[in-house]
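**Student:** sequence and predicted structure are below.
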Amino acid sequence: MKTILKVKNLIMNFGGLRALDHLDIQVREEEIVALIGPNGAGKTTFFNCITGIFPPTGGEIILFPPKKKSKRANRLKPNKITEIGLARTFQNIRLFQNMTVLENVMIGRHCRMSSGIVGAIFRGKATVKEEEQVVEDSFKILKKIGLSEYVNEIAMNLPYGAQRRLEIARAMATEPFLLLLDEPAAGMNIQETKDLNELILRIRDEEKISILLIEHDMRVVMSLSDHIVVMDYGKKIAEGTTEEIKNNPVVIKAYLGEDIDA
Amino acid sequence: MEYFLEIFLGGLTRGSIYALIALGYTMVYGIIQLINFAHGEIYMIGAFTALIVASVLTMLGLNTISILVLASIAAVIYASAYGFTVEKIAYKPLRHAPRLSALISAIGMSMFLSNYVLLAQTSDFLSFPNLIPELKFIEPYSHIIRSNEIAILVTTTAVMIVLTFIIKFTKMGKAMRATSQDREMAMLVGVDVNRVISVTFIIGSATAALGGVLIASHVGQINFYIGFIAGIKAFVAAVLGGIGSIPGAVLGSLILGWTESFATGYVSSDYEDVFAFIFLVLILIFKPSGILGRSESRAV
């Protein structure tokens, strides 16, 4: 399978603190990769680095968009990286709270459109057509994610689970080839978690989008992942399939600490 | 009754002008949380540009209407270029600096621009030609409302409608709202935030310049200092209505316009500014976030 994200020797320093320490991570086409590790291991920092929020101190981030040339993404702005085809959600939900569900998705959609402000004011034919296309696409995405009933609702009035799904819908609207999910199951009940699992699998299988997720809920991690990467103190301490990780003593040590008797 | 109506309409006109300027303050604040103190100067530059262009065109012997249109266009373009450049020079490098640094930079920019016009032009009051033609049908009522007041009201209303449309329905408008709510997230869904900020400055400067042309031909004279007073008043109006909120800026401007107008008409014109600022103090005591402003609380 083709590699679509290659991270080599990634280093991120915050003053004297090394948050990411020579990190190597790879994601392949149509793969679900889980990033796990204790709190403060640097998982979210890693997401922030590859989406362009923090410029990394060192190392390489290379993206391989399908049908296009590979791109080095170290110093790119977040909106450029989104244009190449990376999209993400946040641990604490960050929707555009005062906008409607539809508008939230439309904003994500707009980065794939071309017309500018002049066209918008004078309502050129191309602009009008493009706007209609955006609305239509957004409706389709909302339907896929199962949010059709909330289209004109203000985002902050949505139930919690729906807000989480809307974040995914907005990310999908930017047409990513790799979707980064930061603790998508946080705060969800058992039923919601189950629905989310199905949704993530569907996104991978139907849309052919690879997924990289950070998650603490081991049921989610074990049932979804093709590949798991374990981090601790900014380093990769283990990686492998679910079975390999479950029985890895290094991982158990990182999570539970040293056994006194041993 | 007629006296009341005259004062009422006078206040409405005054408020509309404040609104045209206050919009720039409130939009910029909404997007980058900066009080752009150089905004009043942009308005002043708009008025000066219009005066220069109008003088030249009058010498060339054009009729009033085309002078008005061309002078306004020139003022809008020139002032927008200034707004755009001020942001690039004075605010963009400070985007990640503490808010106080950007604020000081804004005050510096304001002083620089007014003194630059003082040196490049003059410190005297210059008389501004009345560019707005007298409408015939208004003559019987001219003791209540003048044609240039009507022009001000019509222009302001039109600008508000266009602006509301842009912000509500266009791609750029959505990008602006998204940026004002969460700049980082907006970038992550592909919004080019630098472009959004530039467009905001351009729109704000353009409306301020229109305000400059209209009020200059209403009052009949300008000097390099008008930007400071108008800027402060519009700033008060924006805070009154709730800074960051566009309907708030309009409402605040109208309230301020009426307060000043009624205070001048029924009490004494000496107290015009006193009443405006009393209002500001009261609002800040009882509703610090302004009439339509949301109180700032952010989940972490």
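**Tutor:** Nice, I can see it.

**Student:** in the stretch 101-250 of chain B, what residue comes closest to chain A?
**Tutor:** Among the residues of the stretch 101-250 of chain B, residue B:190 lies closest to chain A, at 2.6 Å counting by Cβ to the nearest Cβ. For every residue, glycine as well, the C-beta is placed using N, CA and C.

**Student:** how about that residue, secondary structure?
**Tutor:** The three-state label for residue B:190, taken from DSSP: H, G, I helix; E, B strand; the rest coil, comes out as coil.

**Student:** would you mind naming what in chain B lies close to chain A?
**Tutor:** Proximity of chain B to chain A is confined to B:162, B:166, B:170-175, B:177-178, B:181-182, B:184-193, B:199, B:299-300 under the rule Cβ under 8 Å from any Cβ of the partner chain.

**Student:** residues contacting the residue of the stretch 101-250 of chain B closest to chain A?
**Tutor:** By Cβ atoms under 8 Å, 6 or more residues apart in numbering or on different chains, the contact list for residue B:190 reads A:79, A:82-83, A:108, A:110-112, A:174.

**Student:** in the stretch 1-150 of chain A, which spans are helices?
**Tutor:** Using DSSP state H, counting those that start in this stretch, the helices found in the stretch 1-150 of chain A span residues A:43-50, A:78-84, A:101-110, A:117-122, A:125-145.

**Student:** adding distance to residue A:68, write those out as JSON lines.
**Tutor:** Output for those, formatted as JSON lines (distance: least, Cβ to Cβ, whole Å):
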{"stretch": "helix A:43-50", "distance to residue A:68": "17"}
{"stretch": "helix A:78-84", "distance to residue A:68": "8"}
{"stretch": "helix A:101-110", "distance to residue A:68": "20"}
{"stretch": "helix A:117-122", "distance to residue A:68": "26"}
{"stretch": "helix A:125-145", "distance to residue A:68": "21"}
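
**Student:** residue B:226: which of those is closest?
**Tutor:** Ranking the helices of the stretch 1-150 of chain A by their distance to residue B:226 (criterion: Cβ to Cβ) puts helix A:117-122 first, at 29.4 Å.

**Student:** can you tell me how far the residue of the stretch 101-250 of chain B closest to chain A sits from residue B:171?
**Tutor:** From residue B:190 across to residue B:171, the span is 11 Å (Cβ to Cβ, to the nearest Å).

**Student:** give me the common contacts of the two.
**Tutor:** Listed as contacting both residue B:190 and residue B:171 by Cβ under 8 Å, 6+ apart are residue A:110.

**Student:** picking that back up, inside helices: which ones of the residues of chain B next to chain A?
**Tutor:** B:162, B:166, B:171-175, B:177-178, B:181, B:184-188, B:193, B:199 (DSSP state H).

**Student:** restricting to C-alpha, output stretch A:48-61 in PDB.
**Tutor:** Extracted in PDB, the C-alpha atoms of stretch A:48-61 (Å, rounded to 0.1, in the frame of the first residue of the first chain):
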ATOM      1  CA  ASN A  48      -0.600  20.600  15.800                       C
ATOM      2  CA  CYS A  49       2.700  20.100  14.100                       C
ATOM      3  CA  ILE A  50       1.500  18.300  11.000                       C
ATOM      4  CA  THR A  51      -1.500  20.600  10.600                       C
ATOM      5  CA  GLY A  52       0.800  23.700  10.600                       C
ATOM      6  CA  ILE A  53      -0.300  25.200  13.900                       C
ATOM      7  CA  PHE A  54       3.200  24.800  15.400                       C
ATOM      8  CA  PRO A  55       6.200  25.000  13.000                       C
ATOM      9  CA  PRO A  56       8.300  22.000  14.100                       C
ATOM     10  CA  THR A  57      11.800  22.600  15.400                       C
ATOM     11  CA  GLY A  58      13.200  19.900  13.200                       C
ATOM     12  CA  GLY A  59      12.500  16.900  11.000                       C
ATOM     13  CA  GLU A  60      10.400  16.200   8.000                       C
ATOM     14  CA  ILE A  61       6.700  16.000   7.300                       C
END
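
**Student:** buried ones in that stretch, by neighbour count?
**Tutor:** Residues A:48-54, A:56, A:59, A:61 are the ones in stretch A:48-61 that count as buried (16 or more other Cβ atoms under 10 Å in any protein chain shown).

**Student:** ok, now stretch A:208-221?
**Tutor:** Residues of stretch A:208-221 classed as buried by neighbour count (16+ other Cβ under 10 Å): A:209-215, A:217, A:220-221.

**Student:** looking at these, which is nearest residue A:140?
**Tutor:** Distance to residue A:140, by Cβ to Cβ, is smallest for residue A:209 among those, at 15.0 Å.

**Student:** and that closest one, how far is that from residue A:59?
**Tutor:** To residue A:59, residue A:209 is 25 Å away according to Cβ to Cβ.

**Student:** for stretch B:80-89, give the mean pLDDT please.
**Tutor:** For stretch B:80-89, the mean pLDDT works out to 95.

**Student:** could you list the residues of chain A in contact with chain B?
**Tutor:** Counting by Cβ under 8 Å from any Cβ, chain A sits next to chain B at A:51-53, A:77-79, A:82-83, A:87-88, A:90, A:92, A:94, A:96-99, A:103, A:106-108, A:110-113, A:115-117, A:120-121, A:131, A:134, A:170-171, A:173-174.

**Student:** where does the closest residue to residue B:91 other than its chain neighbours fall, secondary structure wise?
**Tutor:** If the residues on either side of it in the chain are set aside, residue B:91 comes closest to residue B:102, at 5.7 Å by Cβ to Cβ, 6 or more residues apart in numbering or on different chains. Element membership for residue B:102 (DSSP states H and E) is helix B:99-120.

**Student:** what is the subsequent helix or strand relative to that helix?
**Tutor:** Taking DSSP H and E, what comes next after helix B:99-120 is strand B:126-127.

**Student:** please name the residues that touch residue B:151.
**Tutor:** Taking Cβ under 8 Å, 6+ apart, we find residue B:151 in contact with B:132, B:214.

**Student:** flag every buried residue along the host helix or strand of it.
**Tutor:** Residue B:151 belongs to helix B:147-169 when assigned by DSSP H and E. Neighbour counts over helix B:147-169 (16+ other Cβ under 10 Å) mark B:147-149, B:151-153, B:155-156, B:159-160, B:163, B:166-167 as buried.

**Student:** from residue A:94, how far off is the residue of the stretch 151-262 of chain A found nearest chain B?
**Tutor:** Residue nearest to chain B within the stretch 151-262 of chain A (Cβ to the nearest Cβ): residue A:174, separated by 5.3 Å. Residue A:174 sits 15 Å away from residue A:94, going by Cβ to Cβ.

**Student:** likewise residue A:50?
**Tutor:** 17 Å.

**Student:** what's around residue B:251, how many residues?
**Tutor:** Using other Cβ atoms under 10 Å in any protein chain shown, residue B:251 has 21 neighbouring residues.

**Student:** now do stretch A:114-128, average pLDDT.
**Tutor:** On average, the pLDDT along stretch A:114-128 is 67.

**Student:** next up, the contacts around the residue of the stretch 51-200 of chain A found nearest chain B.
**Tutor:** Closest approach between the stretch 51-200 of chain A and chain B, counting by Cβ to the nearest Cβ: residue A:111, at 2.6 Å. For residue A:111, the contact set (Cβ under 8 Å, 6+ apart) comprises A:79, A:82-83, A:174, B:189-191.

**Student:** now stretch B:49-69: mean pLDDT?
**Tutor:** The predicted model gives stretch B:49-69 an average pLDDT of 90.

**Student:** who's in contact with that stretch?
**Tutor:** Stretch B:49-69 has contacts (Cβ under 8 Å, 6+ apart) with B:70-72, B:74-75, B:78-79, B:126, B:128-129, B:131-133, B:209, B:212-213, B:216-217, B:222.

**Student:** number of residues surrounding residue B:93?
**Tutor:** 12.

**Student:** what does it show for phi and psi?
**Tutor:** For residue B:93, the backbone dihedrals (degrees, to the nearest 10) come out as phi -60, psi -20.
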